[in-house]
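1. Return atomic coordinates for the entry below.
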Amino acid sequence: MIILDSLVRGGALAAAEDDDSDDRARGTRDLLSLVHDEPRLSATAIQMVRAKGWDGFLLALVR
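-> Here you go, the predicted structure:
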């Protein structure tokens, strides 16, 4: 099992993919693409909104 925290980046991942102004969001998108392309992983990203604002995590299971 792989868990990656602080994934949502304050909602910046929902911005247009061609918007490269946020390096952290671009890096997170790249990470999600790598996870998606890895055939040994089954994964989901969970978004949460709470008192501190937007947050989320990725949960991946290695087959």
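
2. use CA for all of it now, contacts and neighbours both
-> OK.

3. For the chain, which segments are assigned as helices?
-> Secondary structure of the chain, counting by DSSP state H: helices at 23-37.

4. what are the ranges of the strands in it?
-> With DSSP state E as the criterion, the chain has strands at 2-5, 41-50, 53-62.

5. which of those strands is buried the deepest?
-> strand 53-62 (a mean of 15; mean count of other CA atoms under 10 Å).

6. Compare the strands of the chain and give me the one nearest residue 25.
-> strand 53-62 (12.7 Å; CA to CA).

7. mind putting the strands of the chain in TSV, distance to residue 29 and mean pLDDT included?
-> Formatted as TSV, the strands of the chain follow (distance: least, CA to CA, whole Å; pLDDT from 0 to 100):
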stretch	distance to residue 29	mean pLDDT
strand 2-5	13	92
strand 41-50	11	88
strand 53-62	12	88
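
8. Redo the ones you listed as a markdown table? Include distance to residue 31.
-> As requested, these are exported to a markdown table (distance: least, CA to CA, whole Å):
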| stretch | distance to residue 31 |
| --- | --- |
| strand 2-5 | 10 |
| strand 41-50 | 12 |
| strand 53-62 | 10 |
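
9. Compare those strands and give me the one nearest residue 21.
-> Short answer: strand 53-62, nearest of the strands of the chain by CA to CA, at 18.9 Å.

10. Just checking: what are the partner strands of the closest one?
-> Under the criterion DSSP bridges, strand 53-62 sits next to strand 2-5 (antiparallel), strand 41-50 (antiparallel) in its sheet.

11. What lies in contact with the first one?
-> To tie it back to what came earlier, the one meant is strand 2-5. 56, 57, 58, 59, 60, 61, 62 (CA atoms under 8 Å, 6 or more residues apart in numbering).

12. Surely the last one and residue 38 touch.
-> No. Judged on CA atoms under 8 Å, residue 62 makes no contact with residue 38 at a distance of 9.6 Å.

13. returning to that earlier point: save the strands paired with strand 53-62 as CSV, and put in distance to residue 26 too.
-> Listed next are the strands paired with strand 53-62 as CSV, based on distance: least, CA to CA, whole Å:
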stretch, distance to residue 26
strand 2-5, 16
strand 41-50, 16
